[in-house]
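Novice: From the sequence below, what's the structure:
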Amino acid sequence: MTAILGAGISGLSAGYYALKKGLSSPVTIYETSNRIGGWIRSERFDADGYVFEAGPRTIRPKGAAASNTLELIEEVGLAEQVYPIYSNHPAARNRMIYAKGKLNMLPSDLTGVLRRVDPFSKPLFLAGFKDLLTGRTKTILDDESMYSFVRRRFGQEIADYAVSAMICGICAGDAKQISVKFLMKRLFEIEQKHGGVIKGLLLETIQKQKREKDPQKPAEGLVKKAKLENWSIYSICGGLQTLPNKIAQVLTENQVNICTGVKCEEIVFDNNTVKLMVDGQSQRVDQIISSIPCYKLAEHVSEQHPELSKQLAAIPFVDVAVINIRFKNPNLQKHNAFGFLVPPIENLPILGVIFDSCCFDMENNTVLTVMMGGAWFDKWFGSDPSEEKLLTTALKYVKDILDICEPPDSYKVHHLRKCIPQYVVGHQKRIDAIKHYIQANKLPLGLCGSSYDGVGVNDVILSAKLCVGDLMNRC
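Specialist: Below you'll find the predicted structure:
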């Protein structure tokens, strides 16, 4: 028997791959809350034609992890419900940052890179010259922060306004703390090997062309369609919640038991099996897959495996406030774009705003999502702010920055506590230590989810697939 902790997208995906690959059955998924989907949470208002997303709303279609997600979507029968945003769509082309008191459109083509655009004081191509002229570091670095890496290679402004804002959008984090080795591992390794990013990319491209290309499996289905049609991002009709709901339906139809509203109280590893205590009931399973946040798993293993618990608990998390706002007037939004991010140097409580009604058809509504806090949540809001304070703050900046002064016709306030892990400098070393401990102690334990190998939907689904494969290899 296999037990899976957590019915978020990673836990459900683990259940799907366990079923597909024939991992020890029966499979049971335990979820503490009364719903599935984890941080994916869509609320549909069909009568008024709009959707509120409290968590992720789009998925990127490019890369190996992305192809895996598209294959999963097709396998569970959702191919016809995919909602693509093509590369020529304004939501794909137009991305903005709020800096120096105004909204600034980031370059989307070569002409924007060759000329000076606000908030930068020089054309962006000059940052590439800085990288070429900077040369090799005196010592080989094991890791460093995203901010330090970018400032060293491309200059202060790129670090302050471009990369710092990007990190706010990816993980609501501080670029001065986030590991470049983990988030941009290839660029970091290329720079360390060749003495520069651009130089290294050019050399590796030339070397790759000289090597005989390995035969690749031709793209099929949605993967092929996404490539041919040049998708930029995509979602699922009705909101991204449709994906975990569909996976759960497939699992239930194949006798995978999904138990919601139950609490895992104890985990004990004993003689290559696991004893679980769930809602006062004891049971023994062959292996366990944990997709719950690492700090929660740390509590369960602290007594029996304190060293593992310490490493798991050391991965920090941040709170994010997400405020969905809807106006019945469809003409309030003056900017045709995906949204904007706010770099930390601006010292504002908001991380950014997504223009949902530009990305998706919201009928005759203007729908926005305001994201606030992150690494600076306590600074701006304390540990337990009221919904009124969060809403008032969000509306203030919607008014100040977007010049939307009227009150919303509907809204939803979410305080997402400890929702996004922070891959701080040294994260890769910590993950390696965690995995080594599990293997060295021969624990029938698999790990997946955002705590370890990536915060995106593609990342956590792939982590579930790899986790199941690893457990089968160890059986």
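Novice: which residues of the protein score low on pLDDT?
Specialist: 208-217, 475 (pLDDT under 70).
Novice: quick check: longest helix of it.
Specialist: Counting by DSSP state H, the longest helix found in the chain is helix 457-474.
Novice: So what does G101 look like in phi/psi?
Specialist: phi 80, psi 10 (degrees, to the nearest 10).
Novice: With S235 instead?
Specialist: phi -140, psi -170.
Novice: can you pull the contacts of it?
Specialist: Neighbour list for S235: 57-59, 82-83, 85, 359-360 [criterion: CB atoms under 8 Å, 6 or more residues apart in numbering]. No exception for glycine: its C-beta is placed from N, CA and C like everyone else's.
Novice: Output the contacting helices and strands for the longest helix of the chain.
Specialist: helix 9-21, helix 64-75, strand 287-290, strand 445-447, helix 450-453 (3 or more CB pairs under 8 Å, 6 or more residues apart in numbering; DSSP states H and E).
Novice: With respect to T137, which of these lies nearest?
Specialist: helix 450-453 (26.5 Å; CB to CB).
Novice: okay if I get the helices and strands packed on helix 457-474 as a markdown table plus distance to R417 and mean neighbour count?
Specialist: A markdown table is the format used below for the helices and strands packed on helix 457-474 (distance: least, CB to CB, whole Å; neighbours: other CB atoms under 10 Å):
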| stretch | distance to R417 | mean neighbour count |
| --- | --- | --- |
| helix 9-21 | 18 | 25 |
| helix 64-75 | 27 | 20 |
| strand 287-290 | 19 | 26 |
| strand 445-447 | 21 | 25 |
| helix 450-453 | 14 | 24 |
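Novice: So which of the ones you listed is nearest Q422?
Specialist: Closest among the helices and strands packed on helix 457-474, using CB to CB: helix 450-453, at 10.4 Å.
Novice: what's that closest one packed up against?
Specialist: Taking 3+ CB pairs under 8 Å, 6+ apart as the contact cut, helix 450-453 packs with strand 410-421, helix 427-440, helix 457-474.
Novice: Of all the ones you listed, which one comes closest to Q207?
Specialist: Here helix 427-440 is closest among the helices and strands packed on helix 450-453 (CB to CB), at 24.7 Å.
Novice: coming back round to it: quick one: which of the contacts of S235 has the most company?
Specialist: Sorting the contacts of S235 by how many neighbours each has (other CB atoms under 10 Å) puts C359 first, at 24 neighbours.
Novice: so who does the closest residue to that one other than its chain neighbours touch?
Specialist: Once flanking residues are discounted, C359 sits nearest to A91: 4.4 Å by CB to CB, 6 or more residues apart in numbering. If you count contacts by CB under 8 Å, 6+ apart, A91 has them with 85, 232-233, 337-338, 355, 358-359.
Novice: okay if I get the residues you listed as JSON lines plus distance to D409 and secondary structure?
Specialist: Shown next, in JSON lines, are those (distance: CB to CB, whole Å; DSSP: H, G, I helix; E, B strand; the rest coil):
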{"residue": "I85", "distance to D409": "25", "secondary structure": "strand"}
{"residue": "S232", "distance to D409": "30", "secondary structure": "strand"}
{"residue": "I233", "distance to D409": "27", "secondary structure": "strand"}
{"residue": "A337", "distance to D409": "22", "secondary structure": "coil"}
{"residue": "F338", "distance to D409": "23", "secondary structure": "coil"}
{"residue": "F355", "distance to D409": "17", "secondary structure": "strand"}
{"residue": "C358", "distance to D409": "18", "secondary structure": "helix"}
{"residue": "C359", "distance to D409": "19", "secondary structure": "helix"}
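Novice: which two from those end up farthest apart in space?
Specialist: For the contacts of A91, and using CB to CB, no pair is farther apart than S232 and F355, which are 14.7 Å apart.
Novice: More neighbours: those two, which one.
Specialist: For S232 versus F355, neighbours defined as other CB under 10 Å are more numerous around F355 (23 against 19).
Novice: In this structure the more buried one contacts I325, no?
Specialist: No. Using CB atoms under 8 Å, F355 is not in contact with I325, being 11.0 Å away.
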